[in-house]
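Peer 1: here is a sequence together with a model predicted from it:
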2 protein chains.
Amino acid sequence: MLSKKAKYALRALLMLAEEKDGRMIQVQDIADQQKAPKKFLELILLELKKHGLLHSQRGKRGGYVLAKPASEITFGHIVRIMDGPLAPLPCASLTGYRKCSDCEDENTCSIRRVMRKVRDSMSEILDKTSIADALTPGGGKAVRAAAGH
Amino acid sequence: MLSKKAKYALRALLMLAEEKDGRMIQVQDIADQQKAPKKFLELILLELKKHGLLHSQRGKRGGYVLAKPASEITFGHIVRIMDGPLAPLPCASLTGYRKCSDCEDENTCSIRRVMRKVRDSMSEILDKTSIADALTPGGGKAVRAAAGH
DNA sequence: TCATTACTCTACTTTTTCCATAGGCAATAG
DNA sequence: CTATTGCCTATGGAAAAAGTAGAGTAATGA
């Protein structure tokens, strides 16, 4: 289940992606528009900045902007920053692998095998859908790819 | 992320599926084999029974058996019983739909649209993989289907 | 310069969910 | 009848999620 943090983050980035030619938006405006607690949102945006997705400016007329093109910011990246690995089990994750403490033999674990498939299919969607794609429904790369089966 | 409950449930059902011609297994045996707390496991098996996946018998020589063929018990069903809807967001769920309280227009919500795709692809795997499939790697229906792209 | 604005950072509180345990009741085999 | 095993309800503790507080720092602009 997606956390509220991740949802706020996605919405904030989508909002920033709609802004014309690098105009900054302030935390307060984002909070107002998506009815999120301002202080909570600050923490989220700060984290996104630390991961290189946002630039910020302090003081009067400060705010946030995307640090790179919207087409290069994927849902997968955002969700991983906020909620951690996509995989339903740590042992089925590529980016955040951890051994199951209670698993006898990882190579023959059928649960792991299935969850690995789930991870892969989630990645196939989330890592190939950018916030730019999301803003142009029917147009994005991953949208077409996912429709093709 | 899959809860421990779901993981215990999957393992218990896989274990029961390996048992020959309807022989019963006791909670204690399952708990021993998968190093799960017995009392906790009881709750889990009870819930699976209430959802029609298991039969049980009380008293001496009691225990649990699958209530139907292993090929008719899917990962999707088990996970939903234990952890609820597959979808990352309630508003993107088919089996457990709930409106987002903070969402303006559901039909144009791009986050929902993406998460719906994620749900669909999870369902495509989990609802088409039975515990029988999981026991015969390389053989199951969903295994072949998922490999074909 | 100096007050104001708005991001930065650390710490804390509250709420919710997850994991597990406890103990009595009910059925069944022997 | 009685030992065993599942059935059921209640409760406790830990951890994670969600939100709050407040002092600090940089930029602006009057």
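Peer 2: Structure's in. What do you need? Numbering: from 1, shown residues only, chains lettered A, B, ... in the order given.

Peer 1: now do the contacts for the closest residue to residue A:63 other than its chain neighbours.
Peer 2: With sequence-adjacent residues excluded and distances taken as CB to CB, 6 or more residues apart in numbering or on different chains, residue A:63 is closest to residue A:24, at 3.3 Å. (Glycine included, C-beta is placed from N, CA and C.) Contact analysis of residue A:24 by CB atoms under 8 Å, 6 or more residues apart in numbering or on different chains lists A:57, A:61-65.

Peer 1: quick one: pLDDT of residue A:24?
Peer 2: With respect to pLDDT, residue A:24 has a value of 97.

Peer 1: where's it relative to DNA strand D, distance?
Peer 2: In this view, residue A:24 and DNA strand D are 10 Å apart by CB to the nearest atom of the strand, to the nearest Å.

Peer 1: and that residue, how far from residue B:131?
Peer 2: Residue A:24 sits 54 Å away from residue B:131, going by CB to CB, to the nearest Å.

Peer 1: which residues are contacting the helix or strand harbouring residue A:14?
Peer 2: Following DSSP states H and E, one finds residue A:14 within helix A:4-18. Helix A:4-18 has contacts (CB under 8 Å, 6+ apart) with A:25, A:30, A:33-34, A:36, A:40-41, A:44-45, A:48, A:53-54, A:64-66, A:70, A:73, A:75, A:78-79, A:81-83, A:131-132, A:134-135, B:89, B:110-111.

Peer 1: in strands, which of the residues you listed fall?
Peer 2: In this view, the contacts of helix A:4-18 that belong to strands under DSSP state E are A:54, A:64-66.

Peer 1: how about the contacts made by the residue nearest the centre of chain A?
Peer 2: Ranked by distance to the mean C-alpha position of chain A (CA atoms, centre = their mean), the top residue is residue A:78 at 1.8 Å. By CB under 8 Å, 6+ apart, the contact list for residue A:78 reads A:6, A:9-10, A:13, A:48, A:53, A:131.

Peer 1: how about the residues of chain A that lie near DNA strand C?
Peer 2: A:26-28, A:39, A:42-43, A:45-46, A:49-50, A:56-64 (CB under 7 Å from any atom of the strand).

Peer 1: filter the residues you listed to the buried ones?
Peer 2: Buried subset of these (neighbour count, 16 or more other CB atoms under 10 Å in any protein chain shown): A:27, A:45, A:63-64.

Peer 1: kindly provide the distance from residue A:88 to residue A:119.
Peer 2: Using CB to CB, residue A:88 is found at 7 Å from residue A:119.

Peer 1: neighbour count: the two, which is higher?
Peer 2: Under the criterion of other CB atoms under 10 Å in any protein chain shown, the comparison of residue A:88 against residue A:119 puts residue A:88 first, with 26 against 19.

Peer 1: so the more buried one makes contact with residue A:115?
Peer 2: Yes - between residue A:88 and residue A:115 there is a contact under CB atoms under 8 Å: 4.7 Å.

Peer 1: who touches both of the two?
Peer 2: Residues touching both residue A:88 and residue A:115 (CB under 8 Å, 6+ apart): residue B:2.

Peer 1: and chain A, which of its residues are near DNA strand D?
Peer 2: Counting by CB under 7 Å from any atom of the strand, the residues of chain A close to DNA strand D are A:3-5, A:36-37, A:39-40, A:42-43, A:57-62, A:83.

Peer 1: and those, which two are the farthest apart?
Peer 2: Greatest spatial distance in the residues of chain A next to DNA strand D: A:60 and A:83, 34.2 Å, computed using CB to CB.

Peer 1: which positions in chain A make contact with chain B?
Peer 2: Applying CB under 8 Å from any CB of the partner chain, we find that chain A lies next to chain B at A:1-2, A:7, A:10-11, A:14, A:34-35, A:75, A:84, A:88-89, A:102, A:110-111, A:113-115, A:117-118, A:121-122, A:124-126, A:129, A:134-135, A:137, A:146, A:149.

Peer 1: where does chain A dip in pLDDT?
Peer 2: Residue ranges of chain A with pLDDT under 70: A:138-149.

Peer 1: what's the longest helix in chain A?
Peer 2: With secondary structure taken from DSSP state H, chain A has its longest helix at helix A:110-126.
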